[in-house]
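1. need a structure here:
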Amino acid sequence: MLKRVIIRETWEVAKNIRAFRFSEKLDFTPGQFIMVWLPGVNEKPFSLADKDLIVVKRVGPFTSKLFELEEGDYIWIRGPYGNGFREVEGRVALVAGGIGIPPIYALAKYGKLEEKVLIYGARTRDEIALLDVEDYVEEIVVTTDDGSSGIKGFPTDILAKRKDEFSQVYACGPEIMLAKILEIMKYERVQISAERYMKCGIGVCGSCALGPYLVCRDGPVFTGEQLRGTEIGKFVRLPDGRIKPLR
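-> Sure thing, here's the model as predicted:
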């Protein structure tokens, strides 16, 4: 059901990244998403970072219009939709790249997990969007592509060295990173939040197909075993249906 909600608070998290806190708290599982509608503009999916919070990177006309909104303005939402992360026992890694941090932050805050290590990567220090995750994890490892903060390199570099520590790896971020994580973990002990172009959000239109799955209905969280043999990390479908190679 479509709901009109008020933007209670909005602030800059990092370069070209803003947080939007709205007036209704939603019952959700970390990893689920909502559809946000701006009348006369479009409707787009966003993972929930909290019960009343989304974190958005400006990447096109829709997000640019969203960035123009101020506290007291309205947006329309529906959801939450999809399947979230499944919790397991033991020491786990939470791996996020860039704007993949929102569902990982939600899992860090709400997941009933025994011991959580966050491995977070961004291109540069200006794009680090960690929020206030320190209270919810035992360790934070930050990487940047250019070495301007934390360790120079990628989250996958850290995971490759420490993979045997973890009973499960939870990940969200650029698809190339996710594909590398699946390779490192040999598709085992891993859950990833996948992304595909999405229109309806409820499994009707089929635009978000990923192998035999629909990301909105069967995901967005998938296990590594589910993604064996799919096109993950190889290509994505553009809004007009064309295929774009990722490698």
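
2. Please name the strands paired to the helix or strand hosting Ile34 in the sheet, noting orientation.
-> Using DSSP states H and E, Ile34 sits in strand 33-38. When pairing is defined by DSSP bridges, strand 33-38 lines up against strand 42-47 (antiparallel), strand 74-81 (antiparallel).

3. Would you indicate which residues of the worst-scoring helix or strand of the chain on mean pLDDT are buried?
-> Sorted by mean pLDDT, DSSP states H and E, the helices and strands of the chain end with strand 235-237, the least confident at a mean of 76. By 16 or more other C-beta atoms under 10 Å, the buried positions in strand 235-237 come out as Val236, Arg237. (Each C-beta comes from the backbone N, C-alpha and C, glycine too.)

4. so is Glu12 in a helix, a strand, or just coil?
-> strand (DSSP: H, G, I helix; E, B strand; the rest coil).

5. Tell me which residues touch it, please.
-> Arg18 (C-beta atoms under 8 Å, 6 or more residues apart in numbering).

6. out of the strands paired with strand 33-38, nearest to Met1?
-> strand 74-81 (6.3 Å; C-beta to C-beta).

7. hang on, Val36 packs against Ile77?
-> Yes. At 5.6 Å, Val36 and Ile77 qualify as touching, with contact defined as C-beta atoms under 8 Å.

8. how near is Val92 to Lys112?
-> Relative to Lys112, Val92 is positioned 11 Å away (C-beta to C-beta, to the nearest Å).

9. Compare those two (neighbour count), which wins?
-> Val92 (26 against 6; other C-beta atoms under 10 Å).

10. what's the particular helix or strand that has Tyr105 in it packed up against?
-> Using DSSP H and E, the element containing Tyr105 is helix 101-110. On a contact count with 3 or more C-beta pairs under 8 Å, 6 or more residues apart in numbering; DSSP states H and E, helix 101-110 meets strand 42-47, strand 53-57, strand 91-97, strand 115-122, strand 168-172.
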